[in-house]
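In: what's the 3D shape of this:
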Amino acid sequence: MSFSWTTLKIAQILGLPAPARGVPVSVLTTDSRRVVPGALFIAIRGDTFDGHDFILEAVGKGAAAVLCERAPAEALSGPAALFCVPSSMNAIRSLAHAYRKSFEIPLIAVVGAVGKTTTKELVASTLSGRFEHILKTEGSQNGFLGIPLTLLNLRPETQIGVIEIGIDEIGAMKQHLELVEPTHVILTRTGPEHLHQLKTVEIAAEEELKAFDHALRKRIPLAINLSDPFVKAWHSKHGAGLAGISHPTYSMTPSDQAGFTGSFAPDARTLTIRSEAGSSVFSCPLPGEHHAHNLLAAVVVSRFFGLTDEEIARGIASFKTAYGRTELYSLPGNIRVIGDYYNSNPTSLEAALKLLTAETGASSYHAVLGDMLELGDEEESFHRAVAGPLADSGVTRVWLYGPRMKWLQNELEKSGAPASAHFESHEALLGALKSALAPGARILVKGSRGMKMEKVLKGLLPEGAPA
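Out: Reported below is the predicted structural model:
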């Protein structure tokens, strides 16, 4: 990521002694492989690699400065400045905040437990119908490192930004909002997320709703999903205080009496949105009512900026799904596959099952499911509870991988339907699945990121196909 700073400016932001002379810094990176002359290399301790091990390599490639928590044992050669700080992570966030404050453009914060990555992509797509230069979070880089790296990608030509914010601990939302300083906020849905640290769904929702508390306090626009019970309760409590703030409400349920009400036609894959201004119809780039709801949210956000229906439709046409999120594949024999392997929790899994069986007339429906991770002390009950939605979904057969999915298998065996099997490896599951497939089958591959369910997906696809 390139920008125009100097080592003097960096020292000033971090409250460190100024180097002997100021040197221009044109690139910031945490990856030593991307260091070029004039770069600031920031050494971050990660789960797999420690950036401190690559400081000398970065200097050898011409880094103008190094930001780290401990100096290397060997002296640095050449003029590279060395900034030692207690926390490289805190330092990069300080740099990102200072950089962000130099921009006076709209920054939309997309938060929520479910659907935020897809909604972020849809928001960016709809806005592209008018704005040429949009910054958006890449993939799901929505945490303590990903957010500052995203902000540091702001450029003089950037017109608007769409920043995804994820939380996995109490207090994280507050820290992220203070860093981003958003001008607009949308909360997709609450639900079970990172319960190993957030503990309960109620606490998780409370943390997500701090984004709305922030919007209310800062008097900035927010889009309110009335179909979410926690959001609806927040709206009922704080509705009077929202006077004077743009706060459109939306829902797919007419009884919610939202300002924007959507209805989805699955066969035509269209979303009709009704409001006081009239009705609009848009093509949905992804199947399923939950994705139509995400598109409704994106359209509502676009209305903050006065986009016309024509501009929104033009933007939607440019949509591309994020990695591992509702990837659609067609195989020989009229077999279709949904790859949704980047994340899984009870809410998103139930929505994916509905998507799997939405198309009638298939020869069979196969749910290939890996463990749902980070569900805390109640993870067993959450996995067992999936048996209900599976039984109601019309799925023909369930293929399970991961130790936690043994709980689900136990529940399915009690009822005897749908039929299920558990496997100890991706390879064993894939082999059994492929031998059971007939023409016209529909397959869902889903699991939390740590379960690497893309290994199963890749094995289903033709040689050389991306996965």
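In: so where is the stretch 301-450 of the chain shaky, pLDDT-wise?
Out: Per-residue confidence for the stretch 301-450 of the chain (pLDDT under 70) gives no ranges below the cut-off.
In: For it, which segments are assigned as strands?
Out: 327-331, 335-340, 364-370, 397-401, 419-423, 441-446 (DSSP state E, counting those that start in this stretch).
In: Other residues contacting the fourth one?
Out: Which is strand 397-401. 364-371, 390, 406, 408-409, 412, 418-423, 425-426, 429, 432-433, 436, 447, 451, 453, 456 (CB atoms under 8 Å, 6 or more residues apart in numbering). Using the backbone N, CA and C atoms, a C-beta is placed for each residue, glycine as well.
In: distance between that strand and the chain's centre?
Out: Between the centre of strand 397-401 and the centre of its chain there are 26 Å (CA atoms, centre = their mean, to the nearest Å).
In: Report the strands that pair with it, each with its relative direction.
Out: strand 364-370 (parallel), strand 419-423 (parallel) (DSSP bridges).
In: pLDDT averaged over stretch 171-182, what's the number?
Out: Taken as a whole, stretch 171-182 has an average pLDDT of 97.
In: Same check on stretch 150-159?
Out: 95.
In: Only the C-alpha atoms, please, for that stretch, written as PDB.
Out: Extracted as PDB, the C-alpha positions of stretch 150-159 are listed here (Å, rounded to 0.1, in the frame of the first residue of the first chain):
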ATOM      1  CA  THR A 150      -7.600  -1.500   4.800                       C
ATOM      2  CA  LEU A 151      -7.600   2.100   6.000                       C
ATOM      3  CA  LEU A 152      -4.000   2.500   4.900                       C
ATOM      4  CA  ASN A 153      -5.200   1.700   1.400                       C
ATOM      5  CA  LEU A 154      -7.100   5.000   1.200                       C
ATOM      6  CA  ARG A 155      -5.900   7.100  -1.700                       C
ATOM      7  CA  PRO A 156      -6.300  10.700  -2.700                       C
ATOM      8  CA  GLU A 157      -8.700   9.600  -5.500                       C
ATOM      9  CA  THR A 158     -10.900   7.500  -3.100                       C
ATOM     10  CA  GLN A 159     -14.400   8.800  -3.100                       C
END
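In: Give me the buried stretch members for it, please.
Out: 150-154, 158 (16 or more other CB atoms under 10 Å).
In: Quick one: residues in contact with that stretch.
Out: 1, 3, 28, 92, 95-97, 99-100, 103, 105, 131-138, 141, 161, 163, 179-180.
In: ok, 7 Å please
Out: With CB atoms under 7 Å, 6 or more residues apart in numbering as the test, stretch 150-159 has contacts from 1, 3, 28, 96, 99-100, 103, 105, 131-135, 137, 141, 161, 163, 180.
In: Check stretch 57-67 too.
Out: So stretch 57-67 is contacted by 7, 10, 23-25, 32, 35-43, 55, 76-78, 80-83, 85, 88, 91 (CB under 7 Å, 6+ apart).
In: Which of the residues you listed are buried, as a ChimeraX select command?
Out: Burial among these is assessed by 16+ other CB under 10 Å; the matching ChimeraX selection reads:
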select :7,10,23,25,32,35,39,40,41,42,43,55,76,80,81,82,83,85,88,91
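In: taking the contacts of stretch 57-67 one by one, which sit in helices?
Out: 7, 10, 55, 88, 91 (DSSP state H).
In: pretty sure Arg274 is in a strand, no?
Out: Yes: per DSSP: H, G, I helix; E, B strand; the rest coil, Arg274 lies within a strand segment.
In: residues near the closest residue to it other than its chain neighbours, how many?
Out: In space, and not counting its chain neighbours, Arg274 is closest to Thr261: 5.1 Å by CB to CB, 6 or more residues apart in numbering. By other CB atoms under 10 Å, the residues close to Thr261 number 21.
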